[in-house]
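Enquirer: Need coordinates for the following:
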Amino acid sequence: MSEHISSPRLYVGIWLSLMVLTVVTVVAAQIDLGAFNTIVALTIASLKAVLVVLFFMHVKYAHERMIKPVIAAALFFLFLLLALSMADFATRLWI
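Expert: I've put the predicted structure just below:
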């Protein structure tokens, strides 16, 4: 099996993209978007997470048979986190 070697230029480009998205996050936090604040923040965070997973964790170049179970496990744990959080939220006594 051959190993994919990425150029330093690619890593610098991804790092710069992450820095730009971090600045966008800070700027977006200063703007009152009402109900869309959370949506914008999670979208930016998701984009940054995708860049880190694809390039810094080398998932983009991983074997296809490995990617599908990893994505399935990640989605399972995401739904588990959301389900348990919503269960906690639904059972709180609001005073």
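Enquirer: remind me which residues of this protein are low pLDDT?
Expert: 1-2, 95 (pLDDT under 70).
Enquirer: how is it carved up into domains?
Expert: The chain breaks down into these domains under automatic domain parsing: 1-62, 63-95.
Enquirer: For those domains, could you give me TSV that also reports mean neighbour count?
Expert: From N, CA and C alone the C-beta is placed, and that goes for glycine too. Output for those, formatted as TSV (neighbours: other CB atoms under 10 Å):
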stretch	mean neighbour count
domain 1-62	11
domain 63-95	9
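Enquirer: Now do the SS call for I5.
Expert: coil (DSSP: H, G, I helix; E, B strand; the rest coil).
Enquirer: quick one, phi psi at it?
Expert: phi -120, psi 120 (degrees, to the nearest 10).
Enquirer: can you check S7 too?
Expert: Dihedral pair for S7: phi -80, psi 150, per degrees, to the nearest 10.
Enquirer: name the helices or strands packed onto whichever helix or strand I14 is part of?
Expert: Here I14 is covered by helix 8-30, with elements defined by DSSP states H and E. Judged by 3 or more CB pairs under 8 Å, 6 or more residues apart in numbering; DSSP states H and E, helix 8-30 is in contact with helix 36-51.
Enquirer: now the helix it packs on: how far from the chain's centre is it?
Expert: 7 Å (CA atoms, centre = their mean, to the nearest Å).
Enquirer: what's in contact with it?
Expert: Around helix 36-51, the neighbours that count as contacts under CB atoms under 8 Å, 6 or more residues apart in numbering are I14, S17, L18, L21, T22, V24, T25, A28, A29, L33.
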